[in-house]
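>>> Here you go, sequence then predicted model.
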Amino acid sequence: MKSKKFRSTILMPVFVPTAIVMILLVIGASVNPAAASGLFAQILSFTTDTFGWFYMLATALFLMFIVVLAFSPYGAIKLGPDHGAAQYNFIEWFSMLFSAGYGIALLFYGVAEPVTHFATPPLSDPETVAAAKEAM
């Protein structure tokens, strides 16, 4: 019996520079969080002020492209083999997507909403025991 060699699918010319940049960012942000916060805020501000219009335009164009593609003859092209049948019907497929989206929203907002109410409560002082009780 031949032994199979483990063959990695990681592309080293892509992985190594990315890992180095990530490690340097984590170390830099850990060493001086205040400077990193200021730098990241400046980068975010520059990006949104300079390219915000492009992001909105690209989003609208992608959405229009997808809708046009869906209602064109290309929207009826079957993905997969010609003889293959769909594994799930439309209701099952929609239910899975809806459940996944709802689950992510619950997971995110289950934490984010109480934290937001703790930081800015409507009836008490922020970041106090009373605010924590009110948030929960």
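Received, thanks. Residues are numbered from 1 along each chain as shown.

>>> can you tell me how far W53 sits from A60?
Spatial separation of W53 from A60 under the definition C-beta to C-beta, to the nearest Å is 11 Å. All C-beta atoms are positioned from the backbone trio N, CA, C, and that covers glycine.

>>> wait, G28 sits on A36?
Yes: G28 sits in contact with A36 when judged by C-beta atoms under 8 Å, with a separation of 5.9 Å.

>>> ok, now how distant is the spatially most central residue of the chain from G110?
Centroid-nearest residue in the chain, with C-alpha atoms, centre = their mean: I104, separated by 10.5 Å. Note on I104: its distance to G110, by C-beta to C-beta, is 10 Å.

>>> What is the neighbour count of A131?
A count of neighbours around A131, defined by other C-beta atoms under 10 Å, yields 19.

>>> Start at 201, not 1
Okay, using 201 as the starting number, the last item reads as A331.

>>> Now it. Nearest residue, chain neighbours left out?
Sequence neighbours aside, P321 is the residue nearest to A331 in space, at 4.3 Å (criterion: C-beta to C-beta, 6 or more residues apart in numbering).

>>> Look up phi and psi at that neighbour.
phi -70, psi 150 (degrees, to the nearest 10).

>>> residue ranges with poor pLDDT in this protein?
Filtered on pLDDT under 70, the chain yields the residue ranges 201-203.

>>> and with 90 instead?
By pLDDT under 90, the low-scoring segments of the chain are 201-209, 276-287, 309, 317, 322-324, 335-336.

>>> Mind giving me the packing neighbours of the helix or strand hosting F308?
For F308, the element it lies in under DSSP states H and E is helix 290-319. With contacts taken as 3 or more C-beta pairs under 8 Å, 6 or more residues apart in numbering; DSSP states H and E, helix 290-319 sits against helix 329-335.
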